[in-house]
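Asks: quick one, what's the 3D model for this:
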Amino acid sequence: MKNLFINFTITTALITLISPLAFASPKSGSKLPSGPYYAMGTMFNNSWREILNRNGRTCIKIVDGPPNNVRGREEIMISSVSNRGGKLYIDGKNQEIEIIPLKNFPEYEFLSQYSTILAGFGDNSGGAWGLVAGNKSDSRTTPEQNKRMQECINTKGKYVRKIKGRMLQGQF
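Replies: A predicted model of the protein is given here:
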């Protein structure tokens, strides 16, 4: 009888501990910390991504500028990120974000000599985007962009906004 009581108590405790974890939905961007993400190469010098995670919701700012030394306007989209079947998708592009393990991050060995990469992801832009330790926000971010990111975080459901970016004067 004593063993039955102990087994019942242990089983009840385990079920109590495990059940919230078993039924909890995964946070949509919990593997992607907030901050600006950059890609290597001159093709991406005027482009970056920014993730904002808050209260279980994730938003992304996609800034696509012209290649280095090319004149053009930044294209900026702010979008919610949704979790569909355990995969992350940018709602504004219906595009999957693939989280890249740090050891598989392109040129990880080279980059890790100079800085600490905290997280990385890939999208179909052709770049692998990495969050470097110490970067809190990109200096090119405007108050309007910050306002739109807050709107995205505070909105329920899908959020997609395109805004005008800076005009960059290339050398050619």
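Asks: count the residues that sit near residue 147.
Replies: 12 (other C-beta atoms under 10 Å). For glycine as for every other residue, the C-beta is placed from the backbone atoms N, C-alpha and C.
Asks: meant to ask about residue 152, not that
Replies: 25.
Asks: if you drop the residues flanking it in sequence, what lies closest to it?
Replies: Distance criterion C-beta to C-beta, 6 or more residues apart in numbering; nearest residue to residue 152, sequence neighbours excluded, is residue 59 at 3.8 Å.
Asks: for that neighbour, give me its contacts.
Replies: 51-52, 78-81, 149, 152-153, 159 (C-beta atoms under 8 Å, 6 or more residues apart in numbering).
Asks: low-confidence ranges, this protein, go.
Replies: 1-30, 42-43, 135, 171-172 (pLDDT under 70).
Asks: which residue ranges form the strands in it?
Replies: 35-38, 48-54, 57-64, 72-84, 87-90, 95-99, 117-122, 128-132, 160-168 (DSSP state E).
Asks: what remains of the contacts of residue 59 if I keep only buried residues?
Replies: 51-52, 78-81, 149, 152-153, 159 (16 or more other C-beta atoms under 10 Å).
Asks: quick one on the thing from earlier: put together TSV for the contacts of residue 59, with distance to residue 38 on each row.
Replies: Below are the contacts of residue 59 laid out as TSV (distance: C-beta to C-beta, whole Å):
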residue	distance to residue 38
51	12
52	16
78	18
79	19
80	22
81	18
149	17
152	21
153	22
159	24
